[in-house]
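# let's see this in three dimensions:
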Amino acid sequence: MRVQVLQHVPFEDIGSMASWFAARGVTPVYTRFYDDGLLPPVGGLDLVIVMGGPMSVNDEAQLPWLGAEKAFLREAIAHGIRVLGVCLGAQLIADALGARVYPNAEKEIGWFPIQGVPEETGTAEDCCGFPAESRVFHWHGETFDLPPGAVRLARSAACENQAFRIGRQVIGLQCHPETTPESAAAILDHCRDELVPAPWIQTEAAIRGVDAAVYAEANRLMARILDDLVGPASP
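Numbering: from 1, shown residues only. As a prediction, this is how the structure comes out:
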């Protein structure tokens with residue numbers, strides 16, 4: 001399996017997805033936009049993972065590489081390559097496919113529940129493993145309209161579009177089910193100035209205080225999403 005990770009900042013990596021790939025003997029290749037930002041030809045890729053970052057998809061004037069990244073995503077999707085976007089990554093997919101990305105009514109930062117919406121996908125089995133409710137990590141101030149052909153998979157009290165899919169090929173996640181203690185610490189170290197009193201912003205102590213079971217639940221959801229998108233490991 002040839003996997004290309006699009007990484008926007010050093011402190012937002014693939015988290016628990018690393019162990020999912022390691023169990024399958026897969027070593028992802030990276031495009032690091034904070035470094036050289038070189039994008040490969042889409043031919044031969046099996047999966048593109050688009051990670052998060054503090055910038056906006058609407059910052060092309062300041063970050064011209066955003067335009068090239070969106071064009072790459074459109075091309076990859078047009079060629080039938082599987083694409084998974086996380087946070088900014090989901091917003092980039094939405095924007096690349098013509099949907100609007102804009103400030104959410106509230107910033108959502110911390111460990112908050114999301115609700116699966118199988119009624120919009122037919123059956124629970126079609127819902128990428130989203131349970132009726134699960135507690136996952138969030139760090140975002142923007143949201144998006146669903147792109148054409150997308151089906152909502154999850155929502156939260158603060159943000160209506162937490163996850164979507166387009167057919168069996170594309171999944172976008174506004175939340176961060178891949179979060180590990182290390183990745184949570186990394187984003188706190190770089191972005192803690194955003195932790196201001198607000199209805200859907202937790203304190204640093206609350207974010208750091210969740211126990212291992214919370215991470216494990218979120219990471220199991222991430223693994224189920226990857227299984228659904230790519231297929232489970234061979235016996």
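
# from Gly209, how far out is the spatially most central residue of the chain?
The residue lying closest to the centre of the chain (C-alpha atoms, centre = their mean) is Val86, at 1.0 Å. Distance of Val86 to Gly209, given as C-beta to C-beta, to the nearest Å: 23 Å. For the C-beta atoms, the positions are set from N, CA and C on the backbone; glycine is no exception.

# which non-adjacent residue is nearest the residue nearest to the centre of the chain?
Leaving aside its sequence neighbours, Val86 sits nearest to Leu173 (C-beta to C-beta, 6 or more residues apart in numbering; 5.1 Å).

# what sits against the one you found?
Leu173 makes contacts with Leu84, Gly85, Val86, Cys87, Gly89, Ala90, Gln162, Ala163, Ile225, as judged by C-beta atoms under 8 Å, 6 or more residues apart in numbering.

# please apply the same query to Gly89.
By C-beta under 8 Å, 6+ apart, the residues touching Gly89 are Leu6, Ile49, Val50, Met51, Gly52, Gly172, Leu173.

# switch to 6 Å and redo it
Neighbouring residues of Gly89 by C-beta atoms under 6 Å, 6 or more residues apart in numbering: Val50, Met51.

# just the element for it, please.
Element membership of Gly89, judged by DSSP states H and E, is helix 88-96.

# alpha carbons of that helix, as PDB, please.
Output in PDB follows, covering the C-alpha atoms of helix 88-96 (Å, rounded to 0.1, in the frame of the first residue of the first chain):
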ATOM      1  CA  LEU A  88      -7.900  21.200   8.300                       C
ATOM      2  CA  GLY A  89      -7.700  18.200   6.000                       C
ATOM      3  CA  ALA A  90     -11.400  17.700   5.900                       C
ATOM      4  CA  GLN A  91     -11.900  21.400   5.300                       C
ATOM      5  CA  LEU A  92      -9.400  21.200   2.400                       C
ATOM      6  CA  ILE A  93     -11.300  18.300   0.800                       C
ATOM      7  CA  ALA A  94     -14.600  20.300   1.200                       C
ATOM      8  CA  ASP A  95     -13.000  23.400  -0.300                       C
ATOM      9  CA  ALA A  96     -11.300  21.500  -3.200                       C
END
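
# who are the packing partners of the longest helix anywhere in the chain?
Counting residues, the longest helix found in the chain (DSSP state H) is helix 212-230. Counting contacts by 3 or more C-beta pairs under 6 Å, 6 or more residues apart in numbering; DSSP states H and E, helix 212-230 packs against strand 134-144.

# just after the strand it packs on, pick out the following helix or strand.
Using DSSP H and E, the helix or strand that directly follows strand 134-144 along the chain is strand 151-155.

# strand partners of that next one, parallel vs antiparallel please.
strand 101-116 (antiparallel), strand 163-166 (antiparallel) (DSSP bridges).

# between strand 134-144 and it, find me the angle.
Interaxial angle of strand 151-155 relative to strand 134-144 (axes from the mean of the first three to the mean of the last three C-alpha atoms, to 10 degrees): 120 degrees.
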